[in-house]
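S.K.: Based on what follows, work out the 3D shape:
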Amino acid sequence: MINFSRYIEHLRFKYSPRIASWLIYLSTYRAQFHLKANGPSGVLVDNTVLAHATTHKTAWVSMGQKLWGKHSIETGYLARIPAHPVNTKVREYDEIVYLPGLIFLQKAGLLTLYSSAELYNEQFYQPLGRFRRCGYFDYNLFENVLLESIDGHMFSCLGSSWMRPPGPREQLHQLLKKMEAEDHEYASLVAVLGKKNSQDAWHIRTAEKYKLFCFLTMDFKLIKTLNAQRNSPRIRSLKTSVMTPAMLGKRLRLFPIAPHILSYNNATFPVRNDFVCID
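M.R.: Here you go, the predicted model:
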């Protein structure tokens, strides 16, 4: 019976990634026709999307107390487990299920996912594990996906403490203030969305400036603010859209894909789909 269970697990490791790729391809079938007919679309991806794209995490699976000589010790092993239960009611999960299809379209050359200089700069002063995988067995949907910057790169000024350079956040504040003075369209967005949303306003302005189809975000407060201001002349005249993954996925007629089917992707280590991460 043990050998049979091992054989079944061997089959999962061998065939699950292929089945997952096939299902994702099918989920994008209608979107492919649409994008081939209308040409590739550009999408600016917010860091909030990257922050929620880790669908599997590394966890300790306990095997209980075992004797080691005269001592009783806790035994177990590390394994990859899903970050969310299947069909959970968490709002973020309803967005994540559309990311596999969107990323497939990027790899197929039908959708171009971008980052920006400012979005990369935001990552500089935050923990790296927030936007990419952190644990050794983690799985992030954006693994091996290069998000090119739509407007080049910029770097925070660094220096020794005796030079007293402004911190990254202060430099960002100074930059946005400068942009507000130079770019009337950006200033009008800030006036509508408020100073607290000045960073998001700059991302929206970047997507608009470079004629991208939308700014993709999972900042639900921003979406709520935009909905509240939807009758504002500046929002109504916006030349780009602000969408969540679910909004874009439904617009492209994608089918949602449960992240559980990706559990064995790039896996050469224990996988436990019967467990779930509890933060």
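
S.K.: Could you pick out the longest strand of the chain?
M.R.: With residue count as the measure and DSSP state E as the assignment, the chain has strand 54-68 as its longest strand.

S.K.: Could you find the closest non-adjacent residue to Arg91?
M.R.: Phe220 (7.0 Å; C-beta to C-beta, 6 or more residues apart in numbering). Yep, even glycine has a C-beta here, placed from its N, CA and C like the rest.

S.K.: Could you give the backbone dihedrals for that neighbour?
M.R.: In terms of degrees, to the nearest 10, the main-chain angles of Phe220 are phi -70, psi -30.

S.K.: Double-check it against Val90; I have them as touching.
M.R.: No: under the criterion of C-beta atoms under 8 Å, Phe220 is not in contact with Val90, lying 12.0 Å apart.

S.K.: before we move on, the earlier item: give me the distance from the longest strand of the chain to the chain's centre.
M.R.: How far strand 54-68 lies from its chain's middle: 27 Å, per C-alpha atoms, centre = their mean, to the nearest Å.

S.K.: Who does it pair with, and is each partner parallel or antiparallel?
M.R.: When pairing is defined by DSSP bridges, strand 54-68 lines up against strand 71-82 (antiparallel), strand 139-140 (antiparallel).

S.K.: Any chance of those strands in JSON lines with mean pLDDT and mean neighbour count as columns?
M.R.: Converted to JSON lines, those look like this (pLDDT from 0 to 100; neighbours: other C-beta atoms under 10 Å):
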{"stretch": "strand 71-82", "mean pLDDT": "88", "mean neighbour count": "15"}
{"stretch": "strand 139-140", "mean pLDDT": "92", "mean neighbour count": "22"}
